[in-house]
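S.K.: next come a sequence and a model predicted from it.
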Number of protein chains: 2
Amino acid sequence: MQYMPVTESMFLVAETRDQPMHVGGLQLFIPREGQTSDELAEEMAATFTSATDIAPMFRKRPATPAQLAGYTAWSFDDTVDFDYHLRRIILPRPGAIRDLLRYVSLNHGALLDRRRPMWEVHIIEGLADGRVALYTKVHHSVVDGVTALRLLQRTLSTDPADRAGTAFWDSRLKRRRSAPTEPKGLLSSLTSAAGQVLDVADQVVGMAPAAAKIAVAGVTDSDYFAPMQQAPQTILNVPIGSARRFAAQDWPVERLRAVGKAQGMTLNDVVVAMCSGALRRYLADNDALPDESLVALMPVSLHADGDSDGNAVTAISVRMATDVESTADRVTAIKASTAAAKKAVRGLRPLQALALGAATIWPLAFNTVPGFVQYTPTGFNLIISNVPGPDDELYWNGARLDGCYPVSIPMEGLAMNITVTTVGGKANFGIIGARAELPRLQRILDHLETTLAEMETIEPQA
Amino acid sequence: MQYMPVTESMFLVAETRDQPMHVGGLQLFIPREGQTSDELAEEMAATFTSATDIAPMFRKRPATPAQLAGYTAWSFDDTVDFDYHLRRIILPRPGAIRDLLRYVSLNHGALLDRRRPMWEVHIIEGLADGRVALYTKVHHSVVDGVTALRLLQRTLSTDPADRAGTAFWDSRLKRRRSAPTEPKGLLSSLTSAAGQVLDVADQVVGMAPAAAKIAVAGVTDSDYFAPMQQAPQTILNVPIGSARRFAAQDWPVERLRAVGKAQGMTLNDVVVAMCSGALRRYLADNDALPDESLVALMPVSLHADGDSDGNAVTAISVRMATDVESTADRVTAIKASTAAAKKAVRGLRPLQALALGAATIWPLAFNTVPGFVQYTPTGFNLIISNVPGPDDELYWNGARLDGCYPVSIPMEGLAMNITVTTVGGKANFGIIGARAELPRLQRILDHLETTLAEMETIEPQA
């Protein structure tokens, strides 16, 4: 038995059948020269099932798996039932990417069993392009999204000749040498941010109004006015069912960097601008574009400011300028908005910044109370996370990683989540939404491309 | 909106993440002469997706999908998102039956989304033997297990030349002529029985002790002593997780009939005796065979007595004689036990019989209260249902139905369920269990065969 901190148990408490609290990753691999996709899948399955020395975090489960309370400890299983946790499947013909995304959509809506270690890995064959996919699902009480991506990357090597590929649960991983270097200035997922903030704010789960009071006391209006601003009510901000829709695509980071250079934007600004243009189009498609701009919450690390004070993470809220029709004007507005939000965070001492995060996210704590979503305005419409990974190409036993998409968590009142990760020169967008509430979600992929192409044509503003 | 009777809403109320309340069916089809399994699967998918005139029962969903209460009405969707409800998959190599059963096991543990019509159909390819499987999952609030099997059978024809095969949700099905004849003397699943009983007993969900009082008043000890008897505590009677393990196999009905004739047993008695011998061996394998006999609850129809009073269904409890080592002596004991139980039911008026059912099953109502299972003895150890279907061979567009296995519901304190259906000359056993709690469940299949073979060698007792 091991004590379970509230930063972990909160994800068990917040979980409902409509709001599963697991994070996921979808990785695509190109078989190495001379290897078929069958052979790569068999090699993965054989390697994974032989990794029976399992790290404790992947053997732990809640000691008391009851429904509503009592998550005070982890217990540890000695072994793991691989027949259950490691799954294999072949996609139906034609094996298009949409068949893969559909498989992930359908599986991401299912709760993990609390009576066993809370993770699954699916080895997926049948893609017409010959790639092999890995879909990984881990409960958020076990890891946050950023750690999950890092764990997955740690099984990989920058050396295509390396044949020491293993499973992410392999306890020998800690001792490996060739792990890719950790990125600097890591932006963390909101839920990680929430965990850390709440830990600092005296473990305030269940007493969120008090947390808000603390936060407001630490942040004056002159520093920052955004957290308590009101975001418009949209189709993104509704109660949700458990069914999911997942869309994913990647773009060369070079394209985003070129736009950033021309327009005087950071890579993060370019991501926001792409999302803004895409959401504007998507909402208009659905006759649901509000007159006021959407507000995005973006988790940010405080490490970039040279302060290495633990896992200090907070979140900023950014007006996305979705009410601006001209792409050039929208880009200008977003630059101003993100600069103001970041300046506000920079001007704060770490504890103030953490408190700011708490003030920004506390309404989430109430969102699983039935009826709460409909009547309570929140300060933002969706969460957008940008998680930089290593620039190098990565390999698993010589099979090149060709796409690494985060699969995050929609929540009551936050029906869509966009998470972006940059790995090996690609910006991988993973968009997860509540299925019934967000029809034709996959169109956002086209709208992201359209917006990026538009930004490539506007006059440089740098 | 449509009023939801408590006999339906009780399955929504009783459902937890560890105890999903959906019933399932696994059907196997042999492609017709000259047809490949790919072609049969494509034909099914094309036919099903074109069946867009959907019967109301497969368009309805709870009007208020909140967690704990308020299920007082159904609302009806106009359309169904086939991309979600109709799923296709290819099994991984080698495509053995165990790969199929594993797929069903993994999927039967996942909750259905309450914000949409509560059913799924999976078209499964990749079996090495060339058969195509259909796994169907419907919430118990929508249909009971018997009705589900009948619906599936109604899509089939006794005529191999018939090409009017369709999906079970097709609203034109009611108007079809060539539906197989309904079996007589239908035994119903317990959960159906519970629903009906509780309806009669003044809708007693939430006040089960009162129901028991009514029931006891209606049944004197001289009629029947079994309901309040205590069953031994076993590994079948523990709290459960959501993960499942499914095992299925069929035997020629002729073999069971021959044993029945030689031993003076009904087909139902033979099923009980097979289960008894198999459970005795399975529990001994796990060092968990109790000194006292297991008690099985068996749903029975009252229609066989010529009383056509609605859906009158009740349940009898049968001592399985698992404490008897000799197969011959066990057969003798089971004959006496089932005869006594059935005699008691026959001697009752319908309302008394219904009340008896309520007395027998009422402890189930409490089993989702955390901690209840560990401390409260129940009157039985598992539910065994025997559901006779049509004797004829059945076809879907000329593809012969070659196995039709029920996938039922384990519950808190009832970690295993055995349901048997006889269709087209085969007795199909479907055994579903809680995965972590019942290791190596599939060994019961071998033990069923061993027990049947033993019964074939003992001296006739007829």
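M.R.: The structure has been received and is ready for your questions.
S.K.: export the host helix or strand of residue A:315 as CSV, just CAs?
M.R.: Using DSSP states H and E, residue A:315 maps to strand A:313-319. In CSV, the C-alpha atoms belonging to strand A:313-319 read as follows (Å, rounded to 0.1, in the frame of the first residue of the first chain):
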residue,chain,number,x,y,z
VAL,A,313,3.1,24.8,-14.0
THR,A,314,0.2,27.1,-14.5
ALA,A,315,-2.2,28.1,-17.3
ILE,A,316,-2.9,31.2,-19.3
SER,A,317,-6.2,32.1,-20.9
VAL,A,318,-5.9,33.4,-24.5
ARG,A,319,-8.6,35.3,-26.5
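S.K.: what helices and strands are in contact with it?
M.R.: Helices and strands touching strand A:313-319, by 3 or more Cβ pairs under 8 Å, 6 or more residues apart in numbering or on different chains; DSSP states H and E, are helix A:190-200, strand A:295-301, helix A:327-346, helix A:350-361. For every residue, glycine as well, the C-beta is placed using N, CA and C.
S.K.: give me the below-cutoff pLDDT ranges for the stretch 51-200 of chain A.
M.R.: The model of the stretch 51-200 of chain A has pLDDT under 70 over residues A:65-71, A:145-146, A:174-200.
S.K.: number of nearby residues for the residue in the stretch 1-150 of chain A positioned nearest to chain B?
M.R.: Residue nearest to chain B within the stretch 1-150 of chain A (Cβ to the nearest Cβ): residue A:115, separated by 3.0 Å. Neighbouring residues of residue A:115 were enumerated by other Cβ atoms under 10 Å in any protein chain shown; the total is 21.
S.K.: again, but for the one 3 residues further on
M.R.: When counting by other Cβ under 10 Å, one arrives at 25 neighbours for residue A:118.
S.K.: again, but for residue A:8
M.R.: 21.
S.K.: checking my notes, it in a helix, right?
M.R.: Yes. Residue A:8: assigned to a helix according to DSSP: H, G, I helix; E, B strand; the rest coil.
S.K.: separation between it and residue A:59?
M.R.: 15 Å (Cβ to Cβ, to the nearest Å).
S.K.: what of residue A:241?
M.R.: According to Cβ to Cβ, residue A:241 and residue A:59 sit 32 Å apart.
S.K.: so those two - more neighbours on which side?
M.R.: With neighbours defined as other Cβ under 10 Å, residue A:241 and residue A:59 compare such that residue A:241 has more, 21 against 18.
S.K.: test my guess that the more buried one contacts residue A:434.
M.R.: Yes. Between residue A:241 and residue A:434 there is a contact under Cβ atoms under 8 Å: 6.2 Å.
S.K.: what helix or strand is the nearest residue to residue A:238 once chain neighbours are set aside located in?
M.R.: Nearest non-adjacent residue to residue A:238, counting by Cβ to Cβ, 6 or more residues apart in numbering or on different chains: residue A:437, 5.4 Å away. Assigned by DSSP H and E, residue A:437 belongs to no helix or strand.
S.K.: ok, residue A:437 - contacts?
M.R.: Contact analysis of residue A:437 by Cβ atoms under 8 Å, 6 or more residues apart in numbering or on different chains lists A:235, A:238, A:240, A:241, A:415.
S.K.: and which of the residues you listed is nearest chain B?
M.R.: Of all the contacts of residue A:437, residue A:241 has the smallest distance to chain B: 2.9 Å, by Cβ to the nearest Cβ.
S.K.: now for the closest one: which residues touch it?
M.R.: Here residue A:241 is in contact with A:18, A:434, A:435, A:436, A:437, B:65, B:113, B:114, B:115, B:116 (Cβ under 8 Å, 6+ apart).
S.K.: do residue A:428 as well
M.R.: Contacts of residue A:428 were listed using Cβ under 8 Å, 6+ apart, and they are A:248, A:249, A:250, A:403, A:404, A:405, A:406, A:420, A:421, A:422.
S.K.: closest to chain B among these?
M.R.: Nearest to chain B among the contacts of residue A:428: residue A:248, at 16.5 Å, using Cβ to the nearest Cβ.
S.K.: tally of neighbours for that closest one?
M.R.: Count around residue A:248 with other Cβ under 10 Å applied: 23.
S.K.: of the helices and strands packed on strand A:313-319, which shows the lowest average pLDDT?
M.R.: Ranked by mean pLDDT, the helices and strands packed on strand A:313-319 end with helix A:190-200 at the bottom, a mean of 36.
S.K.: in strands only, show me the contacts of residue A:241.
M.R.: Per DSSP state E, strands hold the following members of the contacts of residue A:241: residue A:434.
S.K.: most neighbours out of the contacts of residue A:241, which is it?
M.R.: Neighbour tally across these (other Cβ under 10 Å): the maximum, 29 neighbours, falls on residue A:434.
S.K.: need the nearest residue in space to it, chain neighbours excluded.
M.R.: Nearest residue to residue A:434, sequence neighbours excluded (Cβ to Cβ, 6+ apart): residue A:240, at 3.7 Å.
S.K.: could you look up the SS state of that neighbour?
M.R.: Put simply, residue A:240 is coil when judged by three-state DSSP.
S.K.: kindly report the same for residue A:431.
M.R.: Secondary structure of residue A:431, per three-state DSSP, is strand.
S.K.: same thing with residue A:271?
M.R.: At residue A:271 the chain is in helix, as set by three-state DSSP.
S.K.: that older thread, export the contacts of residue A:437 to JSON lines and tack on distance to residue A:333?
M.R.: Output for the contacts of residue A:437, formatted as JSON lines (distance: Cβ to Cβ, whole Å):
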{"residue": "A:235", "distance to residue A:333": "22"}
{"residue": "A:238", "distance to residue A:333": "26"}
{"residue": "A:240", "distance to residue A:333": "29"}
{"residue": "A:241", "distance to residue A:333": "34"}
{"residue": "A:415", "distance to residue A:333": "25"}
